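[1] heads up, no residue letters with this:
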């Protein structure tokens, strides 16, 4: 019995070593699958829209550290000469709706003699009033705002004008503000 099993196993191993036609076909189908997953790198997306960039307007300038520091010092002198200082404003409204902010701005323009500023600090529209250099000025302005119906008025630190100009003569606002005229 043992000899019969030995012959049977040997025959199975010997016949298993020969290559059949089905094994050769499987190899070519595997090669076709590999070809299907290779990337075609001959296509260039940059050729879709041939945009020419005009670099004549770009001016490259290399400056030394000393020149850079001098430019920064010059900028701070210009900013201080421009009449801006750290101060306080009273924020009347902070809302996500532009229409609501503009409507509140119209009522603030009618209610206050001070300058009114509308800022957009994503995602909020902030309505601020006044250019107060001291906290006591801001406190009195806040009390007036509360009395005029702006229930959520509070004091915020901001860049303000040292000498607030008239509403009609405002040409440039501090860096954190947008002035809208009526």
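    Ah, there it is. This structure is a prediction, so every number in the text was calculated from the model and none was measured.

[2] so how far is residue 164 from residue 40?
    66 Å (Cβ to Cβ, to the nearest Å). From N, CA and C alone the C-beta is placed, and that goes for glycine too.

[3] and these two? which has more neighbours close in?
    Set residue 40 next to residue 164 and count neighbours by other Cβ atoms under 10 Å: residue 164 wins out with 15 against 5.

[4] Which other helices and strands does the longest strand that the chain contains contact?
    Under DSSP state E, the strand in the chain containing the largest number of residues is strand 84-95. Under the contact definition 3 or more Cβ pairs under 8 Å, 6 or more residues apart in numbering; DSSP states H and E, strand 84-95 sits against helix 98-111, strand 124-132, helix 135-147, strand 154-161.

[5] redo that, cut-off 10 Å
    helix 98-111, strand 116-121, strand 124-132, helix 135-147, strand 154-161 (3 or more Cβ pairs under 10 Å, 6 or more residues apart in numbering; DSSP states H and E).

[6] pLDDT weak spots in this protein?
    18-35, 46, 49-65, 68, 74-82, 166-182 (pLDDT under 70).

[7] let's see it at 90
    Segments of the chain classed as low confidence (criterion: pLDDT under 90) are 1-85, 119-122, 159-182.

[8] and the residue nearest to residue 125 when sequence neighbours are not counted, how many neighbours?
    Using Cβ to Cβ, 6 or more residues apart in numbering and skipping residues adjacent in sequence, the residue nearest residue 125 is residue 101, 3.6 Å away. Neighbour count of residue 101, defined by other Cβ under 10 Å: 21.
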